[in-house]
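K.L.:
got a predicted structure plus its sequence, pasted below:
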Amino acid sequence: MFVLVAAVLWAVFARASESAGQRQSYVVKPGDSLWSIAAERYAGDPREGVWKLKRTNGLATPSIYPGQELQLP
């Protein structure tokens, strides 16, 4: 019985570890592109990083401008 109660309480109060951290932002500099930001910040194929940046920031196109603040996934 105790194990069942403990499991239910854990399920109710447990939070995803991803939500524990504060999201980082990046201010676009002249000459930056989503590709260059992704290549600098994420290991592996930059295309996945570009896709994540676009999705996280609600971008329909890869166009960005200096001074724009992007949320990093």
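P.N.:
Received the coordinates, thanks. Numbering: from 1, shown residues only.
K.L.:
list the contacts for the spatially most central residue of the chain?
P.N.:
Most central in the chain under CA atoms, centre = their mean is Pro73, positioned 1.0 Å from the mean C-alpha point. With contact taken as CB atoms under 8 Å, 6 or more residues apart in numbering, Pro73 is in contact with Lys52, Leu53, Arg55, Thr56. The C-beta positions use only the backbone N, C-alpha and C, and glycine is treated the same way.
K.L.:
ok, and the closest non-adjacent residue to the second one?
P.N.:
The one in question is Leu53. The shortest distance from Leu53 to any non-neighbouring residue, by CB to CB, 6 or more residues apart in numbering, is to Leu34 (5.3 Å).
K.L.:
how close does that neighbour sit to Ala60?
P.N.:
12 Å (CB to CB, to the nearest Å).
K.L.:
which one of these two has more residues nearby?
P.N.:
Neighbours per residue (other CB atoms under 10 Å) separate Leu34 from Ala60, with Leu34 holding more: 23 against 6.
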